[in-house]
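K.L.:
Structure here, sequence nowhere to be found:
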């Protein structure tokens, strides 16, 4: 561990547990510097890590899966073959910061600030613009757009991370969209339960409860991220009647094997979180070293099938370039089909005939 990275841990020892549990302290003392040999990486892709998350890294393990997600790497500059905006979100912004890709839903890009700059982030292009939250005018413009289009039923408040707003400001945003009669669903996309669990307090949970139905989507990528702190954060959300879905990203060297993914998904169920999606890592500049072949994802799902509860198996999806949308990918179980009969190969490798109806 370098001296630069050790500073937040030393501060923790000096200031005690009270400060450690203060989410604002975690943000103020986030790691934003790195050893000199990484300066060229930081010029393009800044670093931001909460002391809490950094404390989970095994300092004597150079291939620790949590280290790979947050510590800058020279690999980020080696492969620049991807896109800055691989999903063409800017193309589908009818008003600033609102992505309207699907007919019935919109994504509210509430800020470009997160509690951690994940090195595989699909919006790395935003980091160089500084840490900026949207103004009330920006929010009101998005609300007005949604209010005028009755086909929109689902609003996803993401970013950046909307939980970096104060609870009062976040309530302002949620209430604005909840007051639109045709909006049926509000989803919040946040990684705070994983990288800044101190943010999820009783005040926040009580506020969210007032605007149900709300779903919260988060991103655990490895079993080591499930701690007593993250478990408590999830429990506070679940206890007010808000479900939590997990959207992992398939990352080379982090979770790209069936054993690791099975342990993660079992761990998620044990804390009441549903494994929902396993995303293929997007074709984004600076993240090419994390990408795996599509076959790897289907192999993982196939290896899990029949060996773990169906509730623990996420949907493996690829978000297509150029705004093509999400496509689910499944292992192939059908061997042969003729007339009304189909032969399948089950999880044990057995061939089984199924007779269909007319």
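P.N.:
Good, I have the coordinates. The model shown is predicted, which means the values in this text are computed figures rather than measured ones. Numbers count the residues shown, from 1 in each chain.
K.L.:
Please enumerate the helices of the stretch 201-350 of the chain.
P.N.:
Per DSSP state H, counting those that start in this stretch, the stretch 201-350 of the chain carries helices over the ranges 202-209, 228-238, 258-270, 294-304.
K.L.:
Ok, which of the ones you listed comes nearest residue 328?
P.N.:
Among those, the nearest to residue 328 by CB to CB is helix 294-304 (10.0 Å). Yep, even glycine has a C-beta here, placed from its N, CA and C like the rest.
K.L.:
List the buried residues in that closest one.
P.N.:
Using 16 or more other CB atoms under 10 Å as the test for burial, helix 294-304 gives 296, 297, 299, 300, 301, 302, 303, 304.
K.L.:
what about the strands in this protein?
P.N.:
Secondary structure of the chain (DSSP state E): strands at 98-102, 105-109, 154-158, 185-189, 214-218, 243-250, 274-280, 315-320, 325-328, 334-338, 341-345, 351-355.
K.L.:
want to throw these into JSON lines with mean neighbour count, distance to residue 291 and mean pLDDT?
P.N.:
JSON lines is the format used below for these (neighbours: other CB atoms under 10 Å; distance: least, CB to CB, whole Å; pLDDT from 0 to 100):
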{"stretch": "strand 98-102", "mean neighbour count": "18", "distance to residue 291": "22", "mean pLDDT": "96"}
{"stretch": "strand 105-109", "mean neighbour count": "23", "distance to residue 291": "23", "mean pLDDT": "97"}
{"stretch": "strand 154-158", "mean neighbour count": "20", "distance to residue 291": "22", "mean pLDDT": "98"}
{"stretch": "strand 185-189", "mean neighbour count": "21", "distance to residue 291": "21", "mean pLDDT": "97"}
{"stretch": "strand 214-218", "mean neighbour count": "21", "distance to residue 291": "22", "mean pLDDT": "98"}
{"stretch": "strand 243-250", "mean neighbour count": "21", "distance to residue 291": "8", "mean pLDDT": "98"}
{"stretch": "strand 274-280", "mean neighbour count": "21", "distance to residue 291": "8", "mean pLDDT": "98"}
{"stretch": "strand 315-320", "mean neighbour count": "19", "distance to residue 291": "11", "mean pLDDT": "95"}
{"stretch": "strand 325-328", "mean neighbour count": "12", "distance to residue 291": "16", "mean pLDDT": "92"}
{"stretch": "strand 334-338", "mean neighbour count": "10", "distance to residue 291": "28", "mean pLDDT": "81"}
{"stretch": "strand 341-345", "mean neighbour count": "14", "distance to residue 291": "28", "mean pLDDT": "87"}
{"stretch": "strand 351-355", "mean neighbour count": "10", "distance to residue 291": "34", "mean pLDDT": "86"}
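K.L.:
possible to save those strands as a markdown table with distance to residue 73?
P.N.:
Shown next, in a markdown table, are the strands of the chain (distance: least, CB to CB, whole Å):
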| stretch | distance to residue 73 |
| --- | --- |
| strand 98-102 | 28 |
| strand 105-109 | 26 |
| strand 154-158 | 25 |
| strand 185-189 | 25 |
| strand 214-218 | 24 |
| strand 243-250 | 16 |
| strand 274-280 | 20 |
| strand 315-320 | 23 |
| strand 325-328 | 28 |
| strand 334-338 | 41 |
| strand 341-345 | 40 |
| strand 351-355 | 45 |
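K.L.:
Quick one: closest of those strands to residue 120.
P.N.:
strand 243-250 (5.8 Å).
K.L.:
Now do that closest one: which elements does it pack against?
P.N.:
Packing partners of strand 243-250 (3 or more CB pairs under 8 Å, 6 or more residues apart in numbering; DSSP states H and E): strand 214-218, helix 228-238, helix 258-270, strand 274-280, helix 294-304.
K.L.:
Using a markdown table, please lay out the ones you listed together with distance to residue 41.
P.N.:
Shown next, in a markdown table, are these (distance: least, CB to CB, whole Å):
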| stretch | distance to residue 41 |
| --- | --- |
| strand 214-218 | 27 |
| helix 228-238 | 28 |
| helix 258-270 | 26 |
| strand 274-280 | 24 |
| helix 294-304 | 26 |
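K.L.:
Indicate which one of these is closest to residue 183.
P.N.:
From those, taking CB to CB, the stretch that ends up closest is strand 214-218, at 11.4 Å.
K.L.:
that older thread, wait, which of the helices of the stretch 201-350 of the chain is closest to residue 46?
P.N.:
helix 228-238 (24.3 Å).
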